[in-house]
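Asker: take a look and give me a structure for this.
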Amino acid sequence: MVNKSIIAEMHSVGRNDACPCGSGKKFKRCHGRLSAPLPAAPPVLPEAIPALMERGETLHRGGLHLEAEGVYRSLLQIAPNHSAALENLGILASRRNDQEEAISLLTRAVSLAPERASAHYNLGIAYIAAFRFEAAKNSFLRAVELDPAFVEAHNNLGNLSKYLDDPQSAIRYYARATELAPNDPTLHSNYLISLHLDGSCSSEGLFAQHQVWCARHAQQYYPRRKSFVNSADPERPLKLGFVSPRLNGLIAGQLSPIFSVLDRDSFLIHCYSNTHQSDALTDELRAHAFSWNDIQTLNDSEAAQRIEADGIDILIDLAGHTPENRLLIFARKPAPLQVAWLDYFDTTGLSTMDYIMSDPITTPPGSSQRFTEKVLHLPTRIFWSPPKFAPDLTRRSSTNRLRFGSFNRLDKLNADTIELWSKVIKATDASLVLKSRAFSVPELCRKILTQFAACGVRAGQIELRGPSSYEQLLRDYNDIDIALDTHPYSGCTTSGDALWMGVPIITLPGESMISRQTATMLHCVGLESFVAENPDHYLDIALRSAKERDRLTEIRTGLRTAVQTSALGNAAVFAESFAQCLRTIWRRWCAEN
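Answerer: Predicted structure coming up:
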């Protein structure tokens with residue numbers, strides 16, 4: 001006979017859960033196999049509400065979201081104004097991307113418990129998912145007003161401020177989150193990235209802050225003494241380890257051509273993936289690897305032990321301080337040589353990181369940039385490979401009105417950049433096409449148009465285009481004559497897209513690595529004349545180019561060939577210099593050991 005005390009619980013349990021009867025069997029193999037339906041659950045008394053709430057939260061924490069939702073809804077049938085149940089139900093609605101219901105539930109929760117900071121915070125999360133950013137900001141502000149130590153709210157205010165083009169506020173909120181959670185390396189890395197947004201932090205300041213990160217989070221893991229059993233043979237095949245949280249999408253697309261042409265008799269590629277979602281490009285990259293190791297479930301110590309056991313000779317970090325990095329693996333020094341490359345734009349700060357890959361344009365002689373690592377110069381630190389679906393070029397008529405364009409992320413468009421671009425548009429009487437995912441949000445469209453209007457640009461001269469497929473984004477370059485680069489956070493993939501589609505880019509490099517990415521790419525393809533020395537020169541280049549429509553046509557016709565034959569876009573050329581660089585540092589290590 002079924003024990004009636006567990007009937008209500010059985011109505012919400014999943015088929016693969018343990019049966020509530022205590023048999024130890026899965027529900028589907030125990031009472032879930034009953035041929036007759038379970039009797040209806042007896043009425044739930046008000047005194048059972050705490051137990052129901054606890055049950056719902058247990059299921060919720062265990063990832064059994066549908067079951068948890070059923071429990072919360074049962075609870076709300078007898079206590080419709082239970083604010084915590086409404087809040088949790090709203091969180092679940094937001095997770096399944098029903099933001100309308102989530103906002104409705106969380107708004108009710110806030111009205112019933114206006115002093116509970118978590119309800120305001122979770123309402124803010126739902127607003128973000130619904131692209132209602134000002135409402136989200138207000139919710140987070142109320143959360144930190146109620147709970148000044150609410151770390152996640154401060155961090156999300158930083159995220160929002162960055163997205164809404166308020167870099168100084170972003171820096172302030174990230175700094176506060178770091179103060180509140182001083183032992184959280186991820187929050188601290190967010191702060192380091194934010195310092196690059198507007199160029200206000202000097203090279204010395206950036207270097208000092210990276211050292212603070214390392215002293216706080218990494219130094220404790222530095223080995224006092226480290227010896228390796230790797231054979232010090234300078235010419236033997238080398239085991240290369242690549243560590244990244246993004247071995248998919250764009251990163252995989254750039255790495256795969258390089259891996260495909262590296263000499264497999266000289267280099268064995270071992271990938272250590274912290275990637276949550278694989279795709280077709282992940283599969284393509286995996287095919288070029290000697291071994292593929294998923295380290296998502298390994299902590300930093302376990303991953304470091306795995307890498308050392310694999311006998312990796314040169315371990316290469318592809319993430320720096322970007323989200324979901326595994327820098328604390330590198331702090332433990334599991335390989336004789338460790339190199340930073342690709343998806344970050346500054347020092348890691350780690351004294352256990354031996355080298356950083358750059359190039360003579362990104363890090364020129366006499367640069368004020370500071371590194372804990374020794375700088376290795378490739379012809380270019382950036383490699384760019386076009387997606388296979390890239391469309392054909394369309395010729396732009398010289399009789400068309402001149403069009404500038406920028407498809408960079410909105411958080412790169414600071415006030416100084418908008419002011420400079422406004423001068424370009426007014427001086428050339430041209431139009432400007434801006435394309436960003438952010439322009440699906442009406443309030444952001446209004447904001448950006450207002451900023452240009454304040455600089456004297458007519459509304460008809462600005463065209464905003466929202467998100468599209470990557471293929472359509474590339475096709476949109478057929479409408480552009482000249483691309484405008486952002487400063488100081490310059491483009492990288494965006495600049496590669498423009499060049500492949502035949503569009504030259506005007507860029508203004510600064511002192512930092514991040515400000516010099518597009519300049520490096522332009523030098524690779526022979527377009528140094530589009531690299532400005534100062535804002536006035538930027539404007540001069542735009543004016544000159546506007547008068548040279550025939551030259552723009554020539555550039556459009558020849559740019560793909562220029563990319564394909566340079567180290568920027570020719571995998572064999574890039575891989576040769578990459579391999580020479582790695583072999584050189586290995587020989588150096590062997591000589592010293």
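Asker: can you give me the distance of the spatially most central residue of the chain to Thr178?
Answerer: Centre of the chain computed as the mean C-alpha position; nearest residue by CA atoms, centre = their mean is Pro323, 5.9 Å away. Distance from Pro323 to Thr178, counting by CB to CB, to the nearest Å: 15 Å. Placement of C-beta: from N, CA and C, glycine included.
Asker: for this structure, which segments are assigned as strands?
Answerer: 238-244, 267-273, 291-294, 314-317, 337-340, 355-358, 374-377, 403-406, 431-435, 462-465, 482-484, 505-506 (DSSP state E).
Asker: name the helices or strands packed onto the fourth one?
Answerer: Contact analysis of strand 314-317 by 3 or more CB pairs under 8 Å, 6 or more residues apart in numbering; DSSP states H and E lists strand 238-244, helix 327-331, strand 337-340, helix 571-592 as its packing neighbours.
Asker: and the third one, average pLDDT?
Answerer: Per-residue confidence for strand 337-340 averages out to 98 on the pLDDT scale.
Asker: tell me how many other residues crowd Phe140.
Answerer: 29 (other CB atoms under 10 Å).
Asker: from Trp500, how far off is it?
Answerer: Applying CB to CB, the value for Phe140 to Trp500 is 39 Å.
Asker: got the contact list for Pro334?
Answerer: When contacts are counted by CB atoms under 8 Å, 6 or more residues apart in numbering, Pro334 is found next to Ala304, Gln305, Ile307, Glu308, Ile312, Leu315.
Asker: hmm, try it at 10 Å
Answerer: 223, 226, 228, 241, 243, 272, 300-301, 303-310, 312, 315, 352 (CB atoms under 10 Å, 6 or more residues apart in numbering).
Asker: do the same with Arg516
Answerer: 345, 358-359, 361-364, 367, 369, 381, 488, 490, 507-510, 523, 531.
Asker: try 7 Å this time
Answerer: Ile361, Thr362, Ser490, Pro509 (CB atoms under 7 Å, 6 or more residues apart in numbering).
Asker: so Phe383 is in contact with Gln254, correct?
Answerer: Yes: Phe383 is within contact range of Gln254, at 5.4 Å (criterion: CB atoms under 7 Å).
Asker: list the buried residues of stretch 264-283.
Answerer: Using 16 or more other CB atoms under 10 Å as the burial criterion, the residues of stretch 264-283 that qualify are Phe267, Leu268, Ile269, His270, Cys271, Tyr272, Ser273, Asn274, Thr275, Leu281, Thr282.
Asker: redo the residues you listed as JSON lines? Include pLDDT.
Answerer: Compiled in JSON lines, these are given as follows (pLDDT from 0 to 100):
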{"residue": "Phe267", "pLDDT": "98"}
{"residue": "Leu268", "pLDDT": "98"}
{"residue": "Ile269", "pLDDT": "98"}
{"residue": "His270", "pLDDT": "98"}
{"residue": "Cys271", "pLDDT": "98"}
{"residue": "Tyr272", "pLDDT": "98"}
{"residue": "Ser273", "pLDDT": "98"}
{"residue": "Asn274", "pLDDT": "96"}
{"residue": "Thr275", "pLDDT": "95"}
{"residue": "Leu281", "pLDDT": "96"}
{"residue": "Thr282", "pLDDT": "97"}
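Asker: quick check, nearest of the residues you listed to Glu592?
Answerer: Comparing the buried residues of stretch 264-283 against Glu592 with CB to CB places Phe267 closest, at 21.0 Å.
Asker: surely that closest one and Lys239 touch.
Answerer: No: using CB under 7 Å, Phe267 is not in contact with Lys239, being 8.1 Å away.
Asker: by mean pLDDT, point me to the weakest helix or strand of this structure.
Answerer: helix 7-10 (a mean of 37; mean pLDDT, DSSP states H and E).
Asker: how about stretch 488-499 as PDB, C-alpha atoms only?
Answerer: The C-alpha trace of stretch 488-499 is given here as PDB (Å, rounded to 0.1, in the frame of the first residue of the first chain):
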ATOM      1  CA  PRO A 488      41.200  52.800 -27.700                       C
ATOM      2  CA  TYR A 489      39.500  49.400 -27.900                       C
ATOM      3  CA  SER A 490      40.200  48.600 -31.600                       C
ATOM      4  CA  GLY A 491      38.700  45.900 -33.600                       C
ATOM      5  CA  CYS A 492      40.100  42.400 -34.300                       C
ATOM      6  CA  THR A 493      37.700  40.000 -35.800                       C
ATOM      7  CA  THR A 494      35.600  42.900 -36.900                       C
ATOM      8  CA  SER A 495      38.600  44.400 -38.700                       C
ATOM      9  CA  GLY A 496      39.400  41.000 -40.300                       C
ATOM     10  CA  ASP A 497      35.800  40.900 -41.600                       C
ATOM     11  CA  ALA A 498      36.100  44.300 -43.100                       C
ATOM     12  CA  LEU A 499      39.400  43.600 -44.900                       C
END
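Asker: who touches it?
Answerer: So stretch 488-499 is contacted by 196-197, 199, 250, 382, 384, 407-408, 412, 474, 477, 483, 485, 505, 507, 510, 512, 514-518, 521, 525, 559, 563 (CB under 7 Å, 6+ apart).
Asker: cool, stretch 169-189 as well?
Answerer: With CB under 7 Å, 6+ apart as the criterion, stretch 169-189 contacts 149, 151, 154-155, 157-158, 161-162, 190-191, 194-195, 197, 213, 216-217, 321, 325, 328.
Asker: look up how far Ser577 lies from Asn570.
Answerer: Distance from Asn570 to Ser577, by CB to CB: 11 Å.
Asker: neighbour-wise, which of the two wins?
Answerer: Neighbour comparison, Asn570 and Ser577: the larger count goes to Asn570, with 18 against 15 (by other CB under 10 Å).
Asker: show me the contacts for the more buried one.
Answerer: Contacts of Asn570 by CB under 7 Å, 6+ apart are Gln564.
Asker: if I look at it, how far off is Asn159?
Answerer: 38 Å.
Asker: go on, Ala280?
Answerer: From Ala280 to Asn159 the distance is 29 Å (CB to CB).
Asker: contact partners for Leu268?
Answerer: Pro237, Lys239, Leu240, Phe290.
Asker: could you identify the buried members of the residues you listed?
Answerer: Among the contacts of Leu268, the ones that count as buried (16+ other CB under 10 Å) are Lys239, Leu240.
Asker: what about stretch 129-143, distance to the chain center?
Answerer: Its chain's C-alpha centre and that of stretch 129-143 lie 21 Å apart, by CA atoms, centre = their mean, to the nearest Å.
Asker: could you give the average pLDDT over that stretch?
Answerer: Rounded mean pLDDT across stretch 129-143 is 95.
Asker: buried sites along that stretch?
Answerer: By neighbour count on 16+ other CB under 10 Å, the buried set for stretch 129-143 is Ala129, Ala130, Phe131, Arg132, Phe133, Ala135, Ala136, Lys137, Ser139, Phe140, Arg142, Ala143.
Asker: and those residues, which is closest to Arg96?
Answerer: Of the buried residues of stretch 129-143, the one sitting nearest to Arg96 (CB to CB) turns out to be Ala129, at 10.7 Å.
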